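Asker: Sharing a sequence plus its predicted fold:
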Number of protein chains: 2
Amino acid sequence: MTTEGTAESGTKARTRRAILDAAVDVLSKNPSAPLSEIAAAAEVGRSTLHRYYPERGDLVTALGEHALDKLDAALVRARPSEGPADLALRRMSHECFEIGPTLALVYGDPQVLSKEAFWVRLDKTDKPLVDLLERGMAEGTFASTLKVRWLRRMLWWCLLTGWEAFNYEQYSRTEAIEAIDETVARLTGTL
Amino acid sequence: MTTEGTAESGTKARTRRAILDAAVDVLSKNPSAPLSEIAAAAEVGRSTLHRYYPERGDLVTALGEHALDKLDAALVRARPSEGPADLALRRMSHECFEIGPTLALVYGDPQVLSKEAFWVRLDKTDKPLVDLLERGMAEGTFASTLKVRWLRRMLWWCLLTGWEAFNYEQYSRTEAIEAIDETVARLTGTL
DNA sequence: CCACATTGGTACATGTGTGTCCCATTTTTG
DNA sequence: CAAAAATGGGACACACATGTACCAATGTGG
């Protein structure tokens, strides 16, 4: 969690969350959607939105942090340092699949991606994954001459593909996850 | 080529090309860039741009067709139906890598992607690739339970990753191509 | 129930991208 | 060189997203 100075009272926290969730939905489909659209999706007045995020940039920044919070949590849940690297990586994929919309946003919105701070924190948040990949390489579980950075990127695309296959194509949830698993296994040379 | 009714005289064709190329450059970096920026990049007046493409949508549409023209040509050059499927696929990757900026645009611009006609024509243009994948499956060259549609998508992401690695990271051209080759080989089970 | 917090809606000013029109200038063509 | 084609730039109207301010209405907690 991004530690706020003072904890926020119930009602405010709820509307803030509503705004954030709506923003994820709307902006992942159309990154340049007007704020009014986001406000409508969140079922709040546009003026309320401005009360929480005075400028558009503030919302975008918060959105990036929101996404990284979720990613952070997902990576922790996956316990990447426990057990064989390939299984750990699989756990990671599954956890990340659950935060699909958030990932779709991060990979599709130039506004978020243009924030310098976002990338800095992403590299930190991302570290468990990189560590895991390096561990797998070192232990010989992963047989690949591909660089970790490359692998990392392909992994994200793979996740995104899975999410979109589940959402916009005829894939069921389990089919999507199976395809992700096989793809990841191939990329890491575990199959 | 998108057959025009009447052939265009030399000068006009040249400026049209300049506009299109500039649009690829600018919009692939910032999909919502103003037209004035594109005009400046093309070194033409904004009014000239409007003369060729009255509305923004017209430019975007033309951009999509332009991209598909290039893709079409690349796929033809790759001679996908000749020789072993894995080698043909490799030729295809290499040809597509050369049209990197165009691909980057197609995969990053919601404006282009939202055009219905674009997807229809993409499916046609794309057919040689799909055919090749199916041939490789049928001949047993490709060992994978992944669906062709999934593979196709991952292939595009792979190309994009290669292009960005070459452009924004420290990858050299050959390093990027090598990484693409290995990734494609792994995805298709040829390694 | 009352004081306070929170919200929704409206109105307004502003900046900016867009599309159109027009005319002088430059370039190409015959 | 002269006619025609093509261009560049300015002026303008228009739509729209944005940000701000204000006030009435609604909800919340003591």
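Answerer: Perfect, thanks for sending it. Numbers count the residues shown, from 1 in each chain, chains lettered A, B, ... in the order given.

Asker: okay, the angle between the helix or strand of chain A with the lowest mean pLDDT and helix B:100-108?
Answerer: When the helices and strands of chain A are scored by mean pLDDT, DSSP states H and E, helix A:100-108 comes last with a mean of 86. Relative orientation of helix A:100-108 versus helix B:100-108 (axes from the mean of the first three to the mean of the last three C-alpha atoms, to 10 degrees): 150 degrees.

Asker: going on from helix A:100-108, what's the next piece of helix or strand?
Answerer: Heading C-terminal from helix A:100-108, the first helix or strand you meet, by DSSP states H and E, is helix A:110-113.

Asker: what packs against that following helix?
Answerer: Contacts defined by 3 or more C-beta pairs under 8 Å, 6 or more residues apart in numbering or on different chains; DSSP states H and E place helix A:110-113 against helix A:56-77, helix A:100-108. Using the backbone N, CA and C atoms, a C-beta is placed for each residue, glycine as well.

Asker: what sits up against it?
Answerer: Contact with helix A:110-113 is made by A:27, A:31, A:60, A:63-64, A:67, A:105-106, A:118-119, B:30-32, B:108, as judged by C-beta atoms under 8 Å, 6 or more residues apart in numbering or on different chains.

Asker: rewinding a little: redo the helices and strands packed on helix A:110-113 as JSON lines? Include mean neighbour count and distance to DNA strand C.
Answerer: What follows is those, written out as JSON lines (neighbours: other C-beta atoms under 10 Å in any protein chain shown; distance: least, C-beta to the nearest atom of the strand, whole Å):
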{"stretch": "helix A:56-77", "mean neighbour count": "18", "distance to DNA strand C": "13"}
{"stretch": "helix A:100-108", "mean neighbour count": "20", "distance to DNA strand C": "20"}
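
Asker: Mean pLDDT lowest where, among those?
Answerer: Looking over the helices and strands packed on helix A:110-113, mean pLDDT reaches its minimum on helix A:100-108, with a mean of 86.

Asker: pull the CA atoms of it into CSV?
Answerer: What follows is helix A:100-108, C-alpha atoms only, in CSV (Å, rounded to 0.1, in the frame of the first residue of the first chain):
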residue,chain,number,x,y,z
GLY,A,100,-5.8,-8.8,-15.7
PRO,A,101,-7.5,-5.4,-16.1
THR,A,102,-4.9,-3.7,-14.2
LEU,A,103,-2.1,-5.2,-16.4
ALA,A,104,-4.0,-4.3,-19.5
LEU,A,105,-4.1,-0.7,-18.3
VAL,A,106,-0.5,-0.6,-17.5
TYR,A,107,0.5,-1.9,-20.9
GLY,A,108,-1.9,0.2,-22.9
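
Asker: Surely residue A:190 is in contact with residue A:142?
Answerer: Yes - between residue A:190 and residue A:142 there is a contact at 6.7 Å, judged by C-beta atoms under 8 Å.

Asker: shared neighbours of these two, which are they?
Answerer: Shared contacts of residue A:190 and residue A:142, counting by C-beta under 8 Å, 6+ apart, come down to residue A:86.

Asker: neighbour count winner among these two?
Answerer: Set residue A:190 next to residue A:142 and count neighbours by other C-beta atoms under 10 Å in any protein chain shown: residue A:142 wins out with 23 against 20.

Asker: Can you name the residues that contact that one?
Answerer: By C-beta under 8 Å, 6+ apart, the contact set of residue A:142 is A:85-86, A:133, A:136, A:188-190.

Asker: Please identify which of those residues is nearest to DNA strand D.
Answerer: Distance to DNA strand D across the contacts of residue A:142 (C-beta to the nearest atom of the strand) is lowest for residue A:133, with 37.8 Å.

Asker: show me what contacts the closest one?
Answerer: So residue A:133 contacts A:85, A:89, A:142, A:148, A:151-152, A:188 (C-beta under 8 Å, 6+ apart).

Asker: quick one: secondary structure of it?
Answerer: Classification of residue A:133 by DSSP: H, G, I helix; E, B strand; the rest coil places it in helix.

Asker: how much space between it and residue B:120?
Answerer: Using C-beta to C-beta, to the nearest Å, residue A:133 is found at 39 Å from residue B:120.

Asker: thought residue A:149 was touching residue B:169?
Answerer: Yes - counting by C-beta under 8 Å, residue A:149 touches residue B:169, with 7.1 Å between them.

Asker: Which residues of chain A lie near DNA strand D?
Answerer: When proximity is defined as C-beta under 7 Å from any atom of the strand, chain A approaches DNA strand D at A:10-11, A:34-36, A:46-47, A:50, A:54-57.

Asker: The residue most central in space within chain A and residue A:109, how far apart?
Answerer: In chain A, the centroid-proximal residue (C-alpha atoms, centre = their mean) is residue A:103; its distance is 3.5 Å. According to C-beta to C-beta, residue A:103 stands 11 Å off from residue A:109.

Asker: now residue A:157
Answerer: 16 Å.

Asker: go on, residue A:173?
Answerer: 25 Å.

Asker: quick one, which of those two is more surrounded?
Answerer: residue A:109 (22 against 10).
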